[in-house]
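Participant: Here is my input; please provide its structure:
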Amino acid sequence: MRPAGAMVQGALAAVGLLGAWATWQREPERAPGEAIVLDVTHNDLGTIRYETDKGWVELSAHKGDGVWLHVGPRSDAKTPERVLRGNESAEKLYDKFAPLRATRGLGALGGDKLKEFGLDAPKKKILVTARGGQTTLLVGTSPYGVSDPYVKDDRDGKVYLLGGGVLADLESASTRLIDRALHQFLPTEWDGLTVTAGGKKKELVQVNAESAMAAKIALKANPTKPDDMAKNWHDKVWRLVSLDVLGHDEKPAGGEPQVVARLDYTHRGKERGFIELGRVTPPKPEGQSGAGPASEIYLRSEHTAGWVKVPSSADDLVKEAEKIAASAD
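Facilitator: Here you go, the predicted structure:
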């Protein structure tokens, strides 16, 4: 290419990049009636705290580790204060606050209107901490029962209708926004499994791992012979349902679980993750005769914040793990 042509091409490319940058920087067009409640960027946003007369929940972003929930104690649910990993919905909710938009901005209202919107004596509030200070949004009610509640900025008295399910998400944050996944890798993204239980250890492999339908589990010592019992057992462990997700460093009411089985995953020789199954045997109530309370089974992995309570039927999976670990090669 001639020097003059190269210069022209370079100039055109620069203009194109400048146009793309300007478009990216431009604030998205607002819908009719839309207003900005909190004009902050994602980098400026700190914590989002929702308080009611029943408790509180706080969302915060951890760089490289998603959004976490800090949930206050609930006497009605008999749960203590907990720190939990947030799921994808929690991340989407957090993103809605940077910036926080309202479908309608009503400005400052008089006493009668504030009473109509439940903002004369609100019992709920949202506290948003960002660079530059804290904003308090008082939460009212929906006067017609068909829209989201109205909120009032405590700084200037302006009233907004948030929309977008923001309030509904905050109301259910302590249940709906909890990450219940055991791993961030897929069933097809591991090829080695070591099962430790009952003082024994067995090494397994997953063949045809790239295909969920064709994948088989076999002993490492005999990879050409599929082990259907091990495959069925592992599928049940992978699909275990969480009954209760405990917080970081939280112990079950019955005490610290005793680890009775462990699964260690590898992929191409590198550590991938693990699952530990623990048993808790609650003490027999004083004066009770006969058999004591049934054992409880808990689980934790490389991804969970702490222990997760699973159905008591998982005790059978522990017994199967002991058989697999003790099986002959």
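
Participant: Below-threshold pLDDT in the stretch 151-300 of the chain: ranges please.
Facilitator: Counting by pLDDT under 70, the ranges of the stretch 151-300 of the chain that qualify are 287-292.

Participant: the helices in it, which residues?
Facilitator: With helices called from DSSP state H, counting those that start in this stretch, the stretch 151-300 of the chain shows them at 166-171, 173-176, 228-238.

Participant: Any buried residues in the first one, and which?
Facilitator: Just to be clear, that refers to helix 166-171. By 16 or more other C-beta atoms under 10 Å, the buried positions in helix 166-171 come out as Val166, Leu167, Asp169, Leu170, Glu171. Just so you know, the C-beta spots here come from the backbone N, C-alpha and C atoms, and that holds for glycine as well.

Participant: Tell me the one among those residues nearest to Ser295.
Facilitator: Nearest to Ser295 among these, counting by C-beta to C-beta, is Glu171 at 35.0 Å.

Participant: how near is Lys54 to Gly86?
Facilitator: Counting by C-beta to C-beta, to the nearest Å, the gap from Lys54 to Gly86 is 20 Å.

Participant: who has more neighbours, the two?
Facilitator: Just comparing Lys54 and Gly86: by other C-beta atoms under 10 Å the higher neighbour count belongs to Gly86, 24 against 13.

Participant: Ramachandran angles for Val57?
Facilitator: When read as degrees, to the nearest 10, the backbone of Val57 gives phi -150, psi 140.

Participant: ok, now which ones touch Gly46?
Facilitator: Ser60, Val128, Thr129, Ala130, Arg131 (C-beta atoms under 8 Å, 6 or more residues apart in numbering).

Participant: What's the local residue count around the fourth one?
Facilitator: For Ala130, the number of neighbouring residues by other C-beta under 10 Å comes to 21.

Participant: so what's it bridging to?
Facilitator: On the basis of DSSP bridges, Ala130 is bridged to Leu45, Gly133.

Participant: I'd assumed Ile48 was in contact with it.
Facilitator: No: using C-beta atoms under 8 Å, Ala130 is not in contact with Ile48; the gap is 9.4 Å.
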